Structures are given as structure tokens and as C-alpha cells.
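**Q** Pasting a predicted model and its sequence here:
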Amino acid sequence: MGRLLGATMPNAAVVQALTTDAGSYTWVAAAVGSQNAAGLQLASGAPVLAVGGFNGSDPSPTLEQFKQDVADGRIHYFLEGGGFRGQNGGSSASTEIATWVAQHFTKVTIGGETFYDLTKPVGGAS
């Protein structure tokens with residue numbers, strides 16, 4: 001896996017998953033922190049939401065904003081945990097979002113990385 005400015009680049013399977021139907025989403029994925037989001041965005045060439053800003057500690061988006069974006073079908077995947085660099089957010093907003101996602105959406109493994117498919121709620125409800 002290559003690196004650019006500290007962002008680890010995902011493998012081809014992850015890039016393929018993110019670019020499939022990319023035009024249907026505002027963000028092909030969301031990840032806690034910009035380092036995690038950057039590698040996904042640089043490799044796929046598609047927008048990725050950096051939950052919590054640079055290091056995951058900013059309160060943006062809020063859980064309610066994130067829930068609305070998911071309900072509106074604007075985000076396809078959520079990268080589990082710290083992702084490629086082990087980076088975890090410090091704000092309660094990013095922690096609340098990650099917890100909500102894990103409780104309500106289907107976990108999938110793509111190219112050895114764990115994501116949640118935000119188009120597939122667990123039990124059919126989110």
C-alpha cells in the first residue's frame with residue numbers, strides 16, 4: 001500500500017467498491033479523521049466525508065446531521081474504527097456516529113478492510 005502525505009492508500013478491491021455507482025452518492029464513504037478519508041478519496045477520485053475533521057475531534061457533522069445524510073442516501077460506506085492508520089476521533093460526535101453506524105448497518109469486509117454499508121440497515125430499520 002502506498003502513501004501520500006501520511007494517508008495510506010487502499011487496495012484495488014476497496015477502490016472498486018467505492019467507485020461502483022459513485023455518482024449516486026454525495027460521498028462514496030465516510031471515515032473518522034481526514035487522514036483516513038484522504039487515502040480513500042485520493043485512490044478512488046470520489047468524495048469521502050471526513051467525520052470530525054482533521055483528526056476526528058471536531059463536532060462535525062453532528063449525529064443528527066449524519067443520520068439525515070444517511071437517510072437521504074448521500075453516503076454509501078463507513079470505514080470502521082480508525083481504519084488504515086488506526087486514527088480514532090476524540091469528539092463525542094465522531095464516537096456517537098461510529099457507535100450508531102455499528103448498531104444499525106451491515107458490516108462488510110472489502111479488500112481486508114471493514115466497512116459498514118449504509119444502504120443496508122440491520123433488520124431493515126435505521
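**A** Cool, got the structure. Residues are numbered from 1 along each chain as shown.

**Q** So what sits opposite residue 105 in the bridge?
**A** For residue 105, the beta-bridge partners are residue 121 (DSSP bridges).

**Q** and it, what does it touch?
**A** By C-beta atoms under 8 Å, 6 or more residues apart in numbering, the contact list for residue 105 reads 78, 116-118, 120-122, 126. C-beta: built from backbone N, CA, C; applies to glycine.

**Q** so who does the residue positioned nearest the centre of the chain touch?
**A** In the chain, the centroid-proximal residue (C-alpha atoms, centre = their mean) is residue 30; its distance is 2.4 Å. Residue 30 sits next to 37, 48-51, 66, 75, 77-79, 97, 118 when contact means C-beta under 8 Å, 6+ apart.

**Q** for the protein, what helix or strand is lowest in average pLDDT?
**A** Lowest mean confidence among the helices and strands of the chain (mean pLDDT, DSSP states H and E): strand 3-4, at a mean of 48.

**Q** What are the boundaries of the strands in this protein?
**A** Counting by DSSP state E, the chain has strands at residues 3-4, 7-8, 27-32, 48-51, 75-79, 105-110, 113-121.

**Q** most packed of the ones you listed?
**A** strand 27-32 (a mean of 28; mean count of other C-beta atoms under 10 Å).

**Q** Could you give the average pLDDT over that one?
**A** Strand 27-32 carries an average pLDDT of 96.

**Q** Is the residue nearest to the centre of the chain bridged to anything, and to what?
**A** Beta-bridge partners of residue 30, as defined by DSSP bridges: residue 49, residue 78.
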